[in-house]
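1. Model the following, please.
(one chain, ligands or ions: 1)
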Amino acid sequence: VTDVRFGSPDRDWSTLDTPALLVDEVTLVENIEAMASRARELGLALRPHVKTHKCVEIARLQIAHGAEGLTVATIGEAEVFASAGFTDLFIAYPVRAQGAKAQRLKDLAAAVALRVGVDSSSSAELLADCLRGTSASLLIEVDSGGSRSGVRTPKEALAVAHGAGDLPVIGVFTHGGHSYREPGQGPAVGAEEGIAVRRVAAALRRGGYPMSVLSTGSTPTAGHAAAGVTEIRPGTYVFNDRLQVGLGSCEIDRVALVVAATVVSRGVDHVVLDAGAKTLSKDLPGVLDGYGAIVGRDRLRIERLYDHHAVVTGPVAELPGLGEVLAVVPNHVCPVVDLDTELVLVPADPEAGIVRWTVDAHSRSR
Ligand code: PLP
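-> Here you go, the predicted structure:
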């Protein structure tokens, strides 16, 4: 891993307060532009999932480049983006409108154009009770092979739509999470996503529900959306990460975020970085070895993580010295961003100073 840009090589990182999340502005904007033009070429609406960056500034960039609205995973994320002025939000999650969530959903629906995911008739009934009379609408989640949430058959989908009563059901959505199981699955899983949503939407249309939205997407499948799909919802593409590179969904030079970490201790055969599990997360996908890749140090391995320690091993002569600041490409960037409160933006202009962006929706898991 040597091809990761994070600003001018002359920049002095020793003054950085680590661990810190460094975002390369050039790569970030290029990633946003590339996905927006891919969606345009394919004639698809782009509704990026903002759970990856959770940052209002980055969502503004996505909208400025043509995204039609935003996707979120939780009501809490939706609240943050609604109060920042975003008006078109899709909670792509099987929401249970119970407890405090019912009133929060009502308040959101009064403020923005709200779409809500649902995959059971019982949840559809709760959503109908809570959102009846608002401008909110529902999308039924379909399981396209990931075996997570979503209906599996058109019959189940019809039962969900029936549960929604007079609350409009405007479409279907799926997330082909099985594109993450092994490298190179993007095209095949993109096709499966298309088949799954088309099949269920056709049955719903026959049942009298006009389906205007067929929404699919993940970063590996986003460029391979199938015919009939109207919208894609990739999230990770803004930053990419070691897993996307490992899966073959991007090249290493598309990674826009690295974790800057300082060597704080040296043992006989290892060193310790100050980025532990509370920074890198313990995400360890099967296709990867170690808890992140250290830029320019391919023979070093992040072997173990504690809350605030990362134990790095490798050839002793290549171990970095105390105080050195290293850049780590995280395995899975989404939880890494969620664990911090700010992004340190390395501007395109090497003369310009560093800018800090807040992770506005960090830890909004409910
Ligand atoms: N849509 C849903 C429902 C998701 O769960 C996710 C990610 O988990 C996405 C879209 C975005 O996928 P990715 O992170 O691969 O870009």
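
2. Show me which residues of the protein sit near the ligand.
-> 49, 52, 71, 92, 175, 217-219, 233-237 (Cβ under 6 Å from any ligand atom). Every C-beta, even on glycine, is put in place using the N, C-alpha and C of the backbone.

3. If we use 8 Å, what do you get?
-> Counting by Cβ under 8 Å from any ligand atom, the chain comes close to the ligand at 49, 51-52, 71, 73, 92-93, 117, 141, 148, 173-175, 177, 179-180, 217-222, 233-237, 334.

4. Buried residues of stretch 96-116, list them for me.
-> Of all the residues in stretch 96-116, those buried under the rule 16 or more other Cβ atoms under 10 Å are 97, 101-102, 104-106, 108-109, 112, 114-116.

5. Could you do stretch 44-60 as well?
-> Buried-residue list, stretch 44-60, by 16+ other Cβ under 10 Å: 44-56, 58-59.

6. So which of those residues belong to helices?
-> Counted as lying in helices by DSSP state H, out of the buried residues of stretch 44-60, are 56, 58-59.

7. what helix or strand is Leu21 on?
-> Element membership of Leu21 [criterion: DSSP states H and E] is strand 20-24.

8. who does that strand pair up with?
-> According to DSSP bridges, strand 20-24 forms sheet pairs with strand 257-266 (antiparallel), strand 342-346 (parallel).

9. Contact partners for Asp269?
-> Neighbour list for Asp269: 313, 316 [criterion: Cβ atoms under 8 Å, 6 or more residues apart in numbering].

10. Look up how far Ala202 lies from it.
-> Separation of Asp269 from Ala202 (Cβ to Cβ, to the nearest Å): 61 Å.

11. Specify which member of the ones in helices among the buried residues of stretch 44-60 is nearest to Leu300.
-> Distance ranking of those against Leu300, using Cβ to Cβ, places Ile58 first at 30.1 Å.

12. To what extent is Lys155 buried, counted in neighbours?
-> Using other Cβ atoms under 10 Å, the number of residues around Lys155 comes to 10.

13. Could you measure from it over to the ligand?
-> According to Cβ to the nearest ligand atom, to the nearest Å, Lys155 and the ligand sit 22 Å apart.

14. circling back: and which of the buried residues of stretch 44-60 is nearest the ligand?
-> Closest to the ligand out of the buried residues of stretch 44-60 is His49 (4.0 Å), distances taken as Cβ to the nearest ligand atom.

15. Help me confirm that Arg356 is found in a strand?
-> Yes: Arg356 forms part of a strand when assessed by DSSP: H, G, I helix; E, B strand; the rest coil.

16. my read: it touches Glu342, true?
-> Yes: contact criterion Cβ atoms under 8 Å: Arg356 and Glu342 qualify, at 5.0 Å.

17. want to throw the buried residues of stretch 96-116 into CSV with distance to Ile32?
-> Formatted as CSV, these follow (distance: Cβ to Cβ, whole Å):
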residue, distance to Ile32
Ala97, 33
Lys101, 31
Ala102, 35
Arg104, 29
Leu105, 29
Lys106, 33
Leu108, 25
Ala109, 28
Val112, 22
Leu114, 24
Arg115, 22
Val116, 26
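
18. Inside strands: which ones of those residues?
-> 114-116 (DSSP state E).

19. And what about the residue in the stretch 251-366 of the chain that the ligand sits nearest to, helix, strand or coil?
-> Proximity of the stretch 251-366 of the chain to the ligand (Cβ to the nearest ligand atom) peaks at Cys334, 6.5 Å away. Secondary structure for Cys334, judged by three-state DSSP, is helix.

20. Identify the residues contacting Gly76.
-> 361, 364-366.

21. and these, which are buried?
-> Among these, those classed as buried by 16+ other Cβ under 10 Å are 361, 364.

22. and the two most separated of the contacts of Gly76?
-> Ala361 and Arg366 (11.7 Å).

23. Neighbour count: Arg356 and Glu342, which is higher?
-> More crowded of Arg356 and Glu342, by other Cβ under 10 Å: Glu342, with 14 against 10.

24. Quick check: beta-bridge partners of that one?
-> Thr358.

25. correct me, but it touches Trp357?
-> Yes: with contact taken as Cβ under 8 Å, Glu342 and Trp357 are classed as touching, separated by 6.6 Å.

26. Remind me which helix or strand Ser215 belongs to.
-> strand 213-216.

27. Strand partners (parallel or antiparallel) of that strand?
-> strand 169-173 (parallel), strand 231-232 (parallel).

28. which residues touch the first one?
-> Counting by Cβ under 8 Å, 6+ apart, the neighbours of strand 169-173 from elsewhere in the structure are 90, 92, 115, 117, 137-142, 157, 160-161, 197, 200-201, 204, 209-216, 230, 233.

29. Wait, a strand at Gln244?
-> No: secondary structure of Gln244 (three-state DSSP): helix, not part of a strand.

30. tally of neighbours for it?
-> Neighbours of Gln244 under the rule other Cβ under 10 Å: 23.

31. List the residues that contact it.
-> By Cβ under 8 Å, 6+ apart, the neighbours of Gln244 are 219-220, 236-237, 250, 254-255.

32. from the contacts of Gly76, which is closest to Leu243?
-> Ser365 (20.6 Å).

33. what secondary structure does that closest one sit in?
-> coil.

34. which residue sits closest to it, ignoring its sequence neighbours?
-> Spatial nearest neighbour of Ser365, excluding adjacent residues (Cβ to Cβ, 6 or more residues apart in numbering): Thr74 at 5.9 Å.

35. now the residue lying farthest from the centre of the chain, nearest residue through space, not along the chain?
-> Ranked by distance from the centre of the chain (Cα atoms, centre = their mean), the top residue is Val268, with 38.8 Å. Nearest residue to Val268 in three dimensions, chain neighbours excluded: Val316, at 7.8 Å (Cβ to Cβ, 6+ apart).
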